[in-house]
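When you get a sec, could you give me coordinates for this:
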Amino acid sequence: MISIVLPVRNETENLGTLVSGIDHVMTRANHRFEIIAIDDYSTDNSYEILVGLSKAFPLKAYKKQGIIGKGAALVEGIKRAQGDIVVLMDADRTYPPEAIPELIDRLSEADIIVANRVNAADSEHRAKKFLKRTFESFFGRVLFGLDYDVQSGLKVFKKKIMKHVSVEPSKWSFDLEFLLKARHAGYSILGVDVALSHRNSAIQVVSNKQVYVMLGILAATILFFLFNWMEALVFIISFLTLLYFIDLTFNLFLILSSLRKNPELSVTQHEIREITDWPMYTIICPLFKEWEVLPQFIAAIAKLDYPKEKLQVIISLEEVDKKTIEEIGKMKLPSYFEVLVTPDTMPRTKPKACNYALLHTKGDYVVIYDAEDIPDRMQLKKAIAAFKRLEGQNVVCLQAKLNFYNPNQNLLTRLFSLEYSLWFDLVLTGLHSINAPIPLGGTSNHFKKEYLDLLQGWDPFNVTEDCDLGIRLFKHGYHTKVLDSVTMEEANSSFFGWFPQRSRWIKGYIQTYLVHMRRPHEFITDWSNPHILTFQIIVGFKILSMWINPLLWMLTITYFALRPMAGPFIESLYLTPILYLGVISLIAGNFLYFYYYMIGAAKRQQWDLIKYAFFVPGYWLMMSYASLLALRQIIFAPHYWEKTKHGLHLKKTVVAA
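This next block holds a predicted model:
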């Protein structure tokens with residue numbers, strides 16, 4: 001038995017993800033374990049969350065007795081532990097749960113294993129980091145000769161040590177006293193490097209290094225303007241114009257590559273007929289306050305051409321959504337459907353619900369569908385056949401194409417459909433053709449479950465967890481391909497409802513960009529194929545352009561509308577070569593972007609939508625406004641999940657999702 005002791009104080013946002021992560025990795029490692037959580041006089045509802053989690057996981061929650069402080073909480077947790085191996089772990093998600101099995105295995109080399117924090121600079125304040133290093137160097141190494149991270153919040157040891165080591169910590173101290181007394185008692189101690197988990201998660205929006213870089217750029221820009229404001233403006237205009245031209249060229253390359261190679265994976269009936277033994281497939285459908293659309297989803301899944309005895313459908317609900325739980329309880333679901341209630345912890349996001357469902361999957365393959373989805377009835381079989389064809393090519397994810405079953409509801413749904421046709425039928429297939437990282441769509445992602453487990457599922461703090469996971473797959477050396485199978489969704493038809501949905505998507509792209517730019521060298525697996533540049537264009541510049549577009553549009557309009565007054569000044573901002581690039585981007589670029597939307601619609605055979613491509617500039621303006629909302633939220637509410645209203649195409653009650 002392994003006892004994992006968690007000292008908890010005001011960790012509302014972290015507990016659900018941490019506990020489910022521990023359960024996931026310990027179960028996968030076939031370890032028998034218990035989690036001992038000691039609530040250290042929390043002033044939020046951490047204890048109530050722990051009690052709720054204890055119903056779903058092997059967790060025991062206790063309220064602290066005696067003095068406040070982490071050290072005393074650890075001692076109390078150790079006394080309550082039943083296992084012969086004890087793991088002490090901070091509850092702030094600084095340390096990745098997947099490190100625990102490795103540290104346990106290293107107990108064959110020493111009696112106590114200490115996790116040495118690696119890349120702590122990205123997750124600690126500079127002053128805190130300085131104090132930590134001073135403490136380690138002076139007290140740990142100089143005074144006591146302890147050559148490991150004496151303040152580490154992750155340690156593993158054999159419980160028998162406590163028979164010979166008595167620790168009486170003060171309010172907060174524990175680590176140094178415990179390690180010193182254990183060493184004096186003759187026990188061996190080993191430090192093992194462990195990379196901190198903050199660097200790969202949006203739980204920390206911006207790392208300290210990124211803050212310093214941003215402040216440095218801001219300071220340099222201000223100094224540049226103070227020194228010579230005209231030269232500064234010329235430089236900025238030149239830089240932005242060059243970026244737009246690069247984006248124009250790259251998108252042209254992608255579209256031509258997509259049309260020329262037609263790279264999406266098409267599966268033949270012959271390939272499907274060759275497979276006689278279909279593997280177990282798990283469908284995860286997260287729902288939140290949308291029980292009224294469930295009958296449509298049940299009908300869509302029932303029509304799938306896949307052996308129902310090899311199908312597991314998990315309807316993942318939120319514990320706080322009492323109405324949906326009640327209404328689904330009245331429904332007669334097919335035998336292959338399961339209802340799973342996710343314990344109420346923060347953040348209350350779709351990826352957190354998916355991670356909890358992942359713990360209960362039985363299939364070798366997993367796909368995510370939204371409640372309003374109507375997938376191609378052959379999609380699961382096509383995915384299996386495609387995976388079989390690509391065996392040995394490191395392809396672990398397939399993205400089915402997405403489009404809408406209500407494109408003609410109003411002008412907004414028509415523009416939304418044009419956008420999806422361009423993105424899924426041309427842009428993603430273009431990325432597929434050059435083996436680039438593919439930002440996944442929010443649904444119809446098909447995974448080999450073992451690799452999804454390997455990556456610990458989705459980041460619960462990223463509000464576009466799909467985009468983030470697609471990038472993480474690439475950085476780990478895996479490939480995503482586009483499957484020539486379509487899932488039909490509902491296009492958001494509400495003008496005012498569209499902005500919260502789009503601002504969440506943009507906010508998630510910002511989160512993804514910031515997370516993966518903490519370690520940009522991980523993109524460079526092959527210098528002949530530097531897809532860090534692709535990431536900059538597809539994710540980074542996509543965000544930047546939404547903020548910059550209105551300013552450049554205003555500059556262009558001002559030039560033509562007020563040319564006698566403003567023309568000479570605006571012309572002076574453009575160097576001659578930059579002016580030519582700007583003119584090309586303005587004329588050829590806008591023509592091509594209009595044309596791309598038309599090609600996407602034509603490829604999808606949405607002939608009646610082609611003429612609406614001329615309304616796209618208004619759609620771009622809406623995106624820019626949504627990007628400002630996203631910028632505000634990334635600062636003040638980075639993990640807040642804006643809910644999208646589904647069912648607006650139906651002449652029924654609006655369903656909140």
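
The stretch 551-657 of the chain: strands as residue ranges?
Secondary structure of the stretch 551-657 of the chain, counting by DSSP state E, counting those that start in this stretch: strands at 645-646, 655-656.

Same check on the stretch 151-300 of the chain?
154-158, 189-195, 281-286.

among these, which gets the worst mean confidence?
Sorting the strands of the stretch 151-300 of the chain by mean pLDDT places strand 189-195 lowest, at a mean of 85.

buried sites along that strand?
189-192, 194-195 (16 or more other C-beta atoms under 10 Å). No exception for glycine: its C-beta is placed from N, CA and C like everyone else's.

which one among those residues gets closest to residue 441?
Checking the buried residues of strand 189-195 against residue 441 by C-beta to C-beta gives residue 195 as the nearest, at 29.2 Å.

Distance of residue 351 relative to residue 460?
5 Å (C-beta to C-beta, to the nearest Å).

swap in residue 250?
32 Å.

Which of the two has more residues huddled nearby?
residue 460 (30 against 17; other C-beta atoms under 10 Å).

Report the contact partners of that one.
With contacts defined as C-beta atoms under 8 Å, 6 or more residues apart in numbering, the neighbours of residue 460 are 16-17, 347, 349, 351-352, 355.

For the strands of the stretch 151-300 of the chain, give me JSON lines that also has distance to residue 234.
JSON lines is the format used below for those (distance: least, C-beta to C-beta, whole Å):
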{"stretch": "strand 154-158", "distance to residue 234": "52"}
{"stretch": "strand 189-195", "distance to residue 234": "43"}
{"stretch": "strand 281-286", "distance to residue 234": "50"}
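
Can you give me the neighbour number for the nearest residue to residue 618 once chain neighbours are set aside?
Nearest residue to residue 618 in three dimensions, chain neighbours excluded: residue 415, at 7.9 Å (C-beta to C-beta, 6 or more residues apart in numbering). By the criterion of other C-beta under 10 Å, residue 415 has 23 neighbours.

Counting by contacts, list what the helix or strand where residue 415 lies packs against.
Following DSSP states H and E, the helix or strand that holds residue 415 is helix 411-422. The elements that helix 411-422 packs onto, with contact taken as 3 or more C-beta pairs under 8 Å, 6 or more residues apart in numbering; DSSP states H and E, are strand 395-404, helix 495-516, helix 590-603, helix 616-636.

Mind doing that once more with 6 Å?
strand 395-404, helix 590-603 (3 or more C-beta pairs under 6 Å, 6 or more residues apart in numbering; DSSP states H and E).

Any chance you could give me the following helix or strand past that helix in CSV, C-alpha atoms only?
Once the chain leaves helix 411-422, the next helix or strand it forms, by DSSP H and E, is helix 428-433. Output of helix 428-433 as CSV, limited to C-alpha atoms (Å, rounded to 0.1, in the frame of the first residue of the first chain):
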residue,chain,number,x,y,z
LEU,A,428,-6.1,21.8,-41.7
THR,A,429,-5.6,19.5,-44.7
GLY,A,430,-2.8,21.8,-45.8
LEU,A,431,-1.1,21.5,-42.4
HIS,A,432,-1.7,17.7,-42.7
SER,A,433,0.1,17.7,-46.1
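
Mind giving me the packing neighbours of helix 428-433?
Using 3+ C-beta pairs under 6 Å, 6+ apart, helix 428-433 is in contact with helix 208-261, strand 479-489.

Residue 343 is nearest to which of the ones you listed?
Residue 343 lies closest to strand 479-489 among the helices and strands packed on helix 428-433, at 28.3 Å (C-beta to C-beta).

hmm, who's touching the closest one?
Residues outside strand 479-489 that contact it (C-beta atoms under 6 Å, 6 or more residues apart in numbering): 264-266, 373-376, 379, 382, 386, 394-395, 397-405, 428-429, 432, 438, 444, 470, 473.

Please pick the buried ones from the residues you listed.
For the contacts of strand 479-489, buried by 16+ other C-beta under 10 Å: 264-265, 373-376, 379, 382, 386, 395, 397-405, 428-429, 432, 438, 444, 470, 473.

Redo the helices and strands packed on helix 411-422 as TSV? Include distance to residue 359.
Listed next are those as TSV, based on distance: least, C-beta to C-beta, whole Å:
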stretch	distance to residue 359
strand 395-404	19
helix 590-603	38
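
Select, out of the strands of the stretch 151-300 of the chain, the one closest to residue 506.
Within the strands of the stretch 151-300 of the chain, the stretch nearest residue 506 is strand 281-286; the backing value is 21.1 Å (C-beta to C-beta).

Next, count neighbours for the spatially closest residue to residue 77 that is not a sequence neighbour.
Excluding the flanking residues, the one nearest residue 77 by C-beta to C-beta, 6+ apart is residue 5, at 3.5 Å. Residue 5: 25 surrounding residues under other C-beta under 10 Å.

what about residue 5, which SS state?
strand (DSSP: H, G, I helix; E, B strand; the rest coil).

And residue 34, by the same measure?
Going by three-state DSSP: residue 34 is strand.

Just send the helices and strands packed on helix 428-433 back as a markdown table, with distance to residue 464 and mean pLDDT too.
Shown next, in a markdown table, are the helices and strands packed on helix 428-433 (distance: least, C-beta to C-beta, whole Å; pLDDT from 0 to 100):
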| stretch | distance to residue 464 | mean pLDDT |
| --- | --- | --- |
| helix 208-261 | 19 | 94 |
| strand 479-489 | 15 | 96 |
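
Tell me which of those sits most buried.
Among these, ranked by average contacts under mean count of other C-beta atoms under 10 Å, first place goes to strand 479-489 (a mean of 22).

to the chain's geometric centre, what's the distance from that one?
Per C-alpha atoms, centre = their mean, to the nearest Å, the displacement of strand 479-489 from the mean C-alpha position of its chain is 19 Å.

swap in stretch 282-290?
18 Å.

what's next to it, contact-wise?
Taking C-beta under 6 Å, 6+ apart as the rule, stretch 282-290 contacts 312-318, 321, 324, 350, 353-354, 357, 361, 363, 366-369, 371, 646, 655-657.

ok, now with 7 Å
With contacts defined as C-beta atoms under 7 Å, 6 or more residues apart in numbering, stretch 282-290 is touched by 294, 297, 301, 312-318, 321, 323-324, 350, 353-354, 357, 361-363, 366-369, 371, 646, 655-657.
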